Every structure is written in C-alpha cells, then in structure tokens.
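> just the structure for this:
(2 chains)
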Amino acid sequence: MNKKKKKITDSRFVRVILARKSVVFCLIVLIVTLLISIFADQVAPYGYDDQDYTSILQGASSKHLLGTDVLGRDILSRLIYGGRVSFSVGALTVVMASIIGIALGLVAGVAGGTISAVIMRTIDAISAVPTTIMSLFVTAILGRGIVNMCIAIAITLVPSYCRITRSQVLSIRNADYVVAGTLAGNNRTLNTIKHILPNTISLNIVMITMNIGAAIMCESTLSFLGMGVNPPMPSWGSMVNDGYTYLERLPLMAIIPGVYIMIVVLCFNIVGDAVRDALDPKLKGTLADARTKKRNRMKAEAASAAAAAGAEE
Amino acid sequence: MKGKQVRKILKRVLQSLITIVLLTVILFLLMQLIPGNPIINFLGSNATDEEIAYYTHLYGYDLPVWQQYVNWIKSMFDGTMGFSVSLQRNVSEIIFSRIGVTLTLVTWAFIVSVILGVAFGIIAALNRGKAVDTVISILSNAGIAMPVFWIGIILILIFAIRLGICPSYGYTPISKGLGPWFRGIVLPVTVLSFPSISIFARQTRSSMLDVINQDYVMTAKSKGVKKRDIIFKHQLRNALVPLLTIIVNRFAQMMGATVLTENIFTLPGMGSLMINSINSRDLQLFVDCILVIAVFVTVANLIVDILYGFIDPRTKE
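Numbers count the residues shown, from 1 in each chain, chains lettered A, B, ... in the order given. As a prediction, this is how the structure comes out:
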C-alpha cells in the first residue's frame, strides 16, 4: 500500500497539479458542480419545469432561493439542471473533436502529398470562419438539441487537433524507432498507430482540457442566441437570455447564470493551464516542480522512516 | 534571396485563394442541407403550390445543384452576390449597407484591445510576482471566462438602465455628432474588446517573460542599454512574434462575436443581419455574410504571415 501511495505522488503530473492551491481549489469546485448537476434530481429543490403560478418573476425568498422566472419556475433548480447541458456538451464536444481531429491529422501527416494538401486546405477553410458563426451555421443546418450542438461546436475545434497531430507526426515520422518499425516489415497503418499515435497524445490531452471551457462557452453562446437545447430544458446561456428580457425588473435573473458560466469556464481554464504545465517537458525542473519535489521527498523520507520503524517493531 | 521571398509570398497568396475556393464549395454543399425554404418563408403559409413553384423557378432554386453553384460564383464576379429572397434586394447592396457598422465596431475594439492588452501585459511582466501582476492576471483570467453576451447585459444594466449615460440599443452614425456616436458605440466596443484585452495581456506577459532571460537581453543589459530601450527594442519586439498570430486570430473571433454584440445592442450590422437571415431561412444571404467575413479573416492571416518575414529577426535571413 505504501508503494502505491508513493507512486502517485512521484508522478510529475500529479505533483505539478497539486502544487498550486488555486488549481486544487478549481478542481474541487468543478467536481462539486459536476456532482450537483449529475444528482440534480436529488439536490434541486424543484424540477426544472415545475411552474408555480402563485410566484411569477419573484425575487429571492425562502421558498425560492434565487427567485422565479416568468413561468414561475425556480431559478436555482434550473441553474442546477442547466449544468447537465453544459457539462455534457463540454465533454461530448471535445471527445468528438479530438477523435476526428487526431484521425485527420494522422492521415495527413502519414500520407502526405495530395491527401495531406486536401485535408489541410479544408481545415484552413473551416477555420477561416469564426467559431461563433461556424457553429451557428451548423446548428442552422442540423437544428436544435444537445447532440447537434456538440457536432456544431466540435467542427470548430477539429482544426486545432488536426494541425497539432499532423505537426507532431511530421516531426517524429523519421525518428529511428518509427523507421525501425517500417523496416521490420510492419504495415504502415499499424506502424502509425503503434508508434506515432502515442507520441501525439500528450499535446492532445492538453488541448482537450483547454477546450472544455471553450466548448462550454460556445454552448452558452448558442443557447443565448436561441440555437441551443430545446425548451423547457434549461441551459445557462438561455437563462441569461430569459433574464435579459426582465433586466430592469429582476437583474439577478440574468446575472446569476452568467456568474455560473464564468466560474465553471474559469476553473476549466485554470486546470487546463496546469495540465499544460504538467505535461510540458520544457517546464520540467521549474520552481514549482522543485519546491514540491523537495516537500514530497521530505514527506517520503519521513514516511519511509516511520515505515522502517514500524517494521522494526 | 529576394526572388525566394517573393515566391514564398506568392505561394502563400495562392494557398489563401485555394482556401477561399474550397470554403465556397463547403458552404454551398452545407447550404443544401439546411431545412426550410426561403421562398415558403417569404410567401407565408397561405401560398399556393403554383406560387411556390413560380417563385422557386424565378429565383433559380429548381436548377441542378452544380448549376446553382456556378450561378452563385458568377454572381460574385458581377457584384450582386446573389439575390436575397427575404429582403428582395441584391445581397451585395444589403451587406454593403451593413458592413460599415460591423467594421467600425471591430476596428475600434481591435485597436483598444491591442493597446490595452499589450500595455497590461508589459506592466504585469515588469512587475512579475508583485500585487499589480496578480491583479492583472486575475482580471485577465476572469475576462476570458466571462461570456461576451453577459458582459453586454451587465454594461447595459449599469450604464444604460441605472446611470442612463449610454443608450442600450441602436447605432448613431458619426455624421450626427461625435458625442452621440461615441455614447452609442462605447458599450459594444467595450464588450467586444473585453476578452481580447485579457488574452493579449496574458500572452504579452508570458512572451515578455520568455525573452526576459534570453542572451540578447542579458547582453544589452550588460552593455548598459537604457531600460526603456531594452523593453521596447529587444523584449517587446521578440515577444511580439508569437503574439501576432494570436492577435490575428482574435480579429477573426471578434468578427464572430459581433453576432452577439450587435444582437444585444440591436445594431444594424452584419452580425444582426446573419441572425435575421437564419430566422427567415434566407440561406443565400447568410452564406454570403459568412464568405465576406471569411475573406476578411483569410486576408488578415495572409498579411500576418507575410509580416512575420519582416518582424521576426530569425526568419529575416
């Protein structure tokens, strides 16, 4: 057991991430928010579509902690349920975008020539359209709904995965171990998957963590413009839009969902930065790293001394 | 050497052209998938089948797909950019009447965010680890995470509803006086530039810190070069190289964010035009708007790529 514990703190990744208190704090916030929205049925005081006609457009009260909207629905409950949309869109989008992007990047990098040119120019063409507009266009084609929204946002994220993967492939395509694989008579596709793919993973993981926040932001934008999930399903973006109509009367109705979006996106960005630093080989041995190393070494020494003492007894 | 550079630039221009052509194909093919029909939308639900058939034929929506594509491309060159069914005018006229507002917004937002963002970044980098640095980095982190539409709403709440200094909607042309124009545009420009200021500040700070310990900065210091000269001539110039890509990328995203800004402040620009065209299922108009914006973005990318050759001391030779 002691061995296993030591292994976790030994990993540079965990060490760098846990070294910063802000990152740990953000991770906790994210986990709590995620759990709250997963268990919304148990946590939320009301259902997201429960209408209370006796209290319409009311401010905060003991009955409705954050007040009610124009249909008498509890805003706190809708906020909690809204997290489901944001988190699932965030996760699903990056999964889709990274799989497609990595695949395209691998093909472009390994195949080269015309295939690569076609893929890369198409990617250029897609990324020439600003994210917001591209995702609007795709949702206009596909219609509203969570999955359609994910596809729309994923399309805007594909180019970055594709480019990163391709440039990684190009830089290691002629490395000795890859060439050796080919010389050993390996099939080219097999060789790519076996030797090149693992080398592109770490950069892509960084991209994935950095992109979740962006995807959530994009989702809220689409929802704000009325192109998101189908009502009555709440989403933070559409809640801001609902509140916008009653801005003079009940400003909190628009402000609170926005704060929620900001907190979640901010936490994802900070965690994303930390993941990048943790996986970036260039930053190895930097101050934060050294400090935790020292602290952990002291801890480990103390632990092993204690263990040794325990064993002697 | 010179010929080589020219060839490189020409190759890059050609690449941009190919990108645009490909984009027209992609947009056109996707456009075929959009459900709904601008003609039915335009005529209303009471239209008879004959009427629909007549107008479908009139506007060429019954032609084979490839023929429609060719006609569309042709319309780019004769200056009409196609015909908008919902607004009953040539698309180029509509876009021309709208693009001024959008470009004004984006240009000002761009200028403001580059100046403020780079300035904040330099200040943070020079005061690394001090309170100023912490404040700037907290603000810039928050600025990136704030939804654009939400910032807009907060500003409307404070400056239009509570203080009554600025109008909450509408655009006043500069010909009606500088004061009203400024009051009308200051909130949208702030909204548009907010995320960019944060991103530029962060990027400037980190690239300034990247070069702060480079050999050439050390050498300049040891030679007794003035601090200001070191900052601007050595550090900033080198820090600017990675910053340029991000700046041009933000230009593109700002063009996109005008959809939101114009929607919130009800400004008569391209962004609100696009939302209207989606709602009336006017595909032609929407796709033309996208194309115009994409051309702007592509040209901006092209310029930056060419500029790289001049700015980056390493790619100069």
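> for the helix or strand encompassing A:Ile36, packing partners?
Per DSSP states H and E, A:Ile36 falls inside helix A:21-38. Secondary-structure packing of helix A:21-38 (3 or more C-beta pairs under 8 Å, 6 or more residues apart in numbering or on different chains; DSSP states H and E): helix A:12-19, helix A:75-111, helix A:252-279. C-betas here are computed from N, CA, C, even on glycine.
> can I get those helices in JSON lines with mean neighbour count?
Listed next are the helices and strands packed on helix A:21-38 as JSON lines, based on neighbours: other C-beta atoms under 10 Å in any protein chain shown:
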{"stretch": "helix A:12-19", "mean neighbour count": "18"}
{"stretch": "helix A:75-111", "mean neighbour count": "22"}
{"stretch": "helix A:252-279", "mean neighbour count": "22"}
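> now those helices as JSON lines including mean pLDDT?
Rendered in JSON lines, the data for the helices and strands packed on helix A:21-38 read as follows (pLDDT from 0 to 100):
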{"stretch": "helix A:12-19", "mean pLDDT": "79"}
{"stretch": "helix A:75-111", "mean pLDDT": "92"}
{"stretch": "helix A:252-279", "mean pLDDT": "90"}
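> make JSON lines out of these and add distance to chain B.
Below are these laid out as JSON lines (distance: least, C-beta to the nearest C-beta, whole Å):
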{"stretch": "helix A:12-19", "distance to chain B": "16"}
{"stretch": "helix A:75-111", "distance to chain B": "11"}
{"stretch": "helix A:252-279", "distance to chain B": "3"}
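> would you mark the buried spots in the helix holding A:Ile36?
Judged by neighbour count using 16 or more other C-beta atoms under 10 Å in any protein chain shown, the buried positions of helix A:21-38 are A:Val23, A:Cys26, A:Leu27, A:Val29, A:Leu30, A:Thr33, A:Leu34, A:Ile36, A:Ser37.
> one more: stretch A:189-206?
Across stretch A:189-206, burial judged by 16+ other C-beta under 10 Å covers A:Asn191, A:Thr192, A:His195, A:Ile196, A:Leu197, A:Asn199, A:Thr200, A:Ser202, A:Leu203, A:Asn204, A:Ile205, A:Val206.
> looking at this, the last one is in a helix?
Read it as A:Val206. Yes - per DSSP: H, G, I helix; E, B strand; the rest coil, A:Val206 lies within a helix segment.
> quick one, grab the pLDDT at B:Glu317.
What the model reports as pLDDT for B:Glu317 is 43.
> likewise A:Ser235?
On the pLDDT scale, A:Ser235 is placed at 92.
> ramachandran angles for it?
A:Ser235 adopts backbone torsions of phi -140, psi 150, taken as degrees, to the nearest 10.
> now tell me what touches the helix holding A:Ile36 from outside.
By C-beta atoms under 8 Å, 6 or more residues apart in numbering or on different chains, the surrounding residues in contact with helix A:21-38 are A:17-18, A:43, A:80-84, A:86-87, A:263-264, A:266-268, A:270-271, A:274.
> quick one: that helix to helix A:75-111, angle?
Interaxial angle of helix A:21-38 relative to helix A:75-111 (axes from the mean of the first three to the mean of the last three C-alpha atoms, to 10 degrees): 110 degrees.
> beyond helix A:21-38, next helix or strand please.
Note on helix A:21-38: by DSSP H and E, the next helix or strand toward the C-terminus is helix A:40-43.
> so which elements touch that following helix?
Helices and strands touching helix A:40-43, by 3+ C-beta pairs under 8 Å, 6+ apart, are helix A:75-111.
> packing partners of the helix it packs on?
Under the contact criterion of 3+ C-beta pairs under 8 Å, 6+ apart, helix A:75-111 touches helix A:21-38, helix A:40-43, helix A:113-127, helix A:146-172, helix A:197-224, helix A:236-245, helix A:252-279.
> what helix or strand is the residue lying closest to B:Ile275 once chain neighbours are set aside on?
Among residues not flanking B:Ile275 along the chain, B:Asn263 sits closest, at 5.7 Å (C-beta to C-beta, 6 or more residues apart in numbering or on different chains). Assigned by DSSP H and E, B:Asn263 belongs to helix B:237-264.
> how about the helix or strand that that helix is followed by: buried residues?
Sequence order places helix B:270-279 as the next helix or strand after helix B:237-264, per DSSP H and E. Going by neighbour count (16+ other C-beta under 10 Å), the buried part of helix B:270-279 is B:Met270, B:Gly271, B:Ser272, B:Leu273, B:Met274, B:Ile275, B:Ser277, B:Ile278.
> ok, the last one - contacts?
Spelled out, it's B:Ile278. Neighbouring residues of B:Ile278 by C-beta under 8 Å, 6+ apart: A:Leu136, A:Ala140, A:Met227, B:Phe286.
> who's in contact with the residue nearest to A:Glu219 when sequence neighbours are not counted?
Distances taken as C-beta to C-beta, 6+ apart place A:Val89 nearest to A:Glu219, at 4.3 Å, with adjacent residues excluded. Neighbour list for A:Val89: A:Ile146, A:Met149, A:Cys150, A:Ile153, A:Ala215, A:Ile216, A:Glu219 [criterion: C-beta under 8 Å, 6+ apart].
> pick out the residue nearest the middle of chain B.
Per C-alpha atoms, centre = their mean, the C-alpha nearest to the average position across chain B is that of B:Met255, at 2.3 Å.
> my guess is A:Ile164 meets A:Thr200, correct?
Yes - with contact defined as C-beta atoms under 8 Å, A:Ile164 and A:Thr200 form a contacting pair (7.4 Å).
> what's the overlap in contacts for those two?
Common contacts of A:Ile164 and A:Thr200 (C-beta under 8 Å, 6+ apart): A:Gly105.
> neighbours of the residue in the stretch 151-300 of chain B positioned nearest to chain A, how many?
Sorted by distance to chain A under C-beta to the nearest C-beta, the residues of the stretch 151-300 of chain B start with B:Gly256, at 2.7 Å. Number of residues near B:Gly256 (other C-beta atoms under 10 Å in any protein chain shown) recorded here: 23.
> correct me, but it touches A:Ile133?
Yes - here B:Gly256 reaches A:Ile133: they are 4.9 Å apart, a contact under C-beta under 8 Å.
> chain B versus A:Asp49, what's the distance?
As defined by C-beta to the nearest C-beta, to the nearest Å, A:Asp49 lies at a distance of 24 Å from chain B.
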